[in-house]
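Participant: Pasting the sequence and the predicted coordinates here, then a few questions.
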Amino acid sequence: MLPGLGGFVLGFICLGWGSASAAGEGKAQEALQERYRLGSLLGRGGFGSVCSGTRLSDGAPVAIKCVPRDRIQHWGELPDGARAPLEVVLLHKVSSGCAGVIQLLEWVELPDSFLLVLERPERSQDLSGFLAERRFLPEEEARGLFRQVLEAVRHCTSCGVLHRDIKPENILLDLATGQLKLIDFGCGAFLQDTAYTQFAGTLAYSPPEWIHHQRYHGEAATIWSLGLLLYHLVMGKHPFRRGQQIIWGRILFPRWLSQECQDVIKRCLSMQPLDRPSLEDLFHDPWLQGVHLP
């Protein structure tokens with residue numbers, strides 16, 4: 001672990017993210033070194049690097065994301081009128097009012113990048129790693145986790161935010177409490193009634209209407225990705241993938257999976273968008289009622 005945030009920007013440079021000016025490094029120190037201690041690299045993606053950190057005032061774990069300015073494609077406006085990366089604006093809209101969405105604690109603008117400080121459960125693992133160890137989950141356990149994801153997605157849509165990249169890698173599980181958190185809004189957008197004609201997210205989780213027509217509606221595409229997620233939870237794999245190809249076809253289920261669970265998955269993975277349930281219909285499906293949430 002680095003001794004502090006005095007070398008914070010330099011640390012991100014060492015992880016492969018371009019260069020930073022001396023002024024930028026100084027601003028990072030001034031903004032964060034008295035409040036956080038930088039830890040190890042947690043992950044790296046197309047939009048930035050994420051390191052662990054510790055809040056010095058109370059020892060709380062955090063995640064610190066560095067997004068290079070030249071990788072930011074979309075911008076938005078905060079309630080105070082400040083211009084900020086769209087990811088920051090979306091997180092600002094959804095970070096309160098739902099325990100199932102990761103909270104943005106603060107953000108700092110530097111000359112070459114933006115730093116986002118996010119909450120991080122102390123003992124946590126993304127669902128991709130969790131499933132890799134477990135292979136698949138018993139239906140009752142999957143039902144509880146899926147209900148939590150629905151709560152988080154429902155909250156986001158009520159705030160006018162579309163996540164657009166719902167997948168196991170973007171869902172963080174608190175191993176101590178069983179609480180899930182939806183993370184990484186780097187592909188997110190404002191919710192709109194009209195079709196989206198630009199893709200953002202993971203192609204393997206994109207709906208067939210995007211593959212065939214290069215357009216999709218937000219809610220229908222969300223339901224499709226939720227269906228893939230639920231199948232992944234109970235089966236431990238993607239239903240349509242063969243190597244690097246996506247092959248549409250009949251969904252196969254084991255005999256031990258309840259008909260109610262199968263029906264939810266089949267409805268979500270309807271090839272025609274209009275045949276999929278709405279988010280509210282899915283939320284109120286009988287199979288998802290009576291779930292004990294952490």
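Facilitator: Great, that's in hand. In this text the structure is predicted, and so the values were computed from the model without any measurement.

Participant: Would you agree Ser270 is in contact with Asp263?
Facilitator: No - checked against Cβ atoms under 8 Å, the pair Ser270 and Asp263 is beyond contact range at 11.3 Å. (Glycine included, C-beta is placed from N, CA and C.)

Participant: Which residue ranges of the protein form strands?
Facilitator: Along the chain, counting by DSSP state E, strands occupy 36-45, 48-55, 61-68, 75-77, 83-85, 104-109, 113-119, 124-126, 161-162, 171-174, 180-182, 189-190, 241-242, 245-246.

Participant: Columns mean neighbour count on top of those strands, output as CSV?
Facilitator: Output for these, formatted as CSV (neighbours: other Cβ atoms under 10 Å):
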stretch, mean neighbour count
strand 36-45, 16
strand 48-55, 20
strand 61-68, 22
strand 75-77, 13
strand 83-85, 18
strand 104-109, 18
strand 113-119, 22
strand 124-126, 19
strand 161-162, 23
strand 171-174, 22
strand 180-182, 24
strand 189-190, 18
strand 241-242, 10
strand 245-246, 12
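
Participant: quick one: which of those is nearest Ser206?
Facilitator: strand 245-246 (8.5 Å; Cβ to Cβ).

Participant: What average pLDDT does the closest one get?
Facilitator: What strand 245-246 shows for mean pLDDT is 58.

Participant: who does Asp189 bridge with?
Facilitator: Let me fix one detail, which is that residue 189 is Ala and not Asp. Note on Ala189: beta-bridge partners by DSSP bridges are Leu162.

Participant: Tell me who's in contact with it.
Facilitator: For Ala189, the contacting residues are His74, Leu86, Leu90, Val161, Leu162, Arg164, Tyr196, Ala200, Gly218, by Cβ atoms under 8 Å, 6 or more residues apart in numbering.

Participant: Look at it and report its pLDDT.
Facilitator: For Ala189, pLDDT reads 97.

Participant: likewise the one 10 residues further on?
Facilitator: Residue-level confidence at Phe199 comes out at 91, pLDDT.

Participant: where does the residue nearest to Gly160 when sequence neighbours are not counted sit relative to Leu279, distance-wise?
Facilitator: Among residues not flanking Gly160 along the chain, Leu191 sits closest, at 4.9 Å (Cβ to Cβ, 6 or more residues apart in numbering). As for Leu191, its distance to Leu279 is 11 Å (criterion: Cβ to Cβ, to the nearest Å).

Participant: what distance separates stretch 274-293 from the centre of its chain?
Facilitator: Stretch 274-293 sits 20 Å away from the centroid of its parent chain (Cα atoms, centre = their mean, to the nearest Å).

Participant: Quick one: residues contacting Phe146.
Facilitator: So Phe146 contacts Leu226, Leu229, Leu230, Leu233, Leu288 (Cβ under 8 Å, 6+ apart).

Participant: Assess the claim that the fourth one and Phe130 are in contact.
Facilitator: So the one you mean is Leu233. No - Leu233 is beyond contact range of Phe130, at 9.7 Å (criterion: Cβ under 8 Å).

Participant: Could you list the low-pLDDT ranges of the stretch 51-200 of the chain?
Facilitator: By pLDDT under 70, the stretch 51-200 of the chain has no low-scoring segment.

Participant: So between Leu233 and Phe130, which is more surrounded?
Facilitator: Comparing Leu233 with Phe130 by other Cβ atoms under 10 Å, the one with more neighbours is Leu233, at 26 against 18.

Participant: Many thanks, have a good one.
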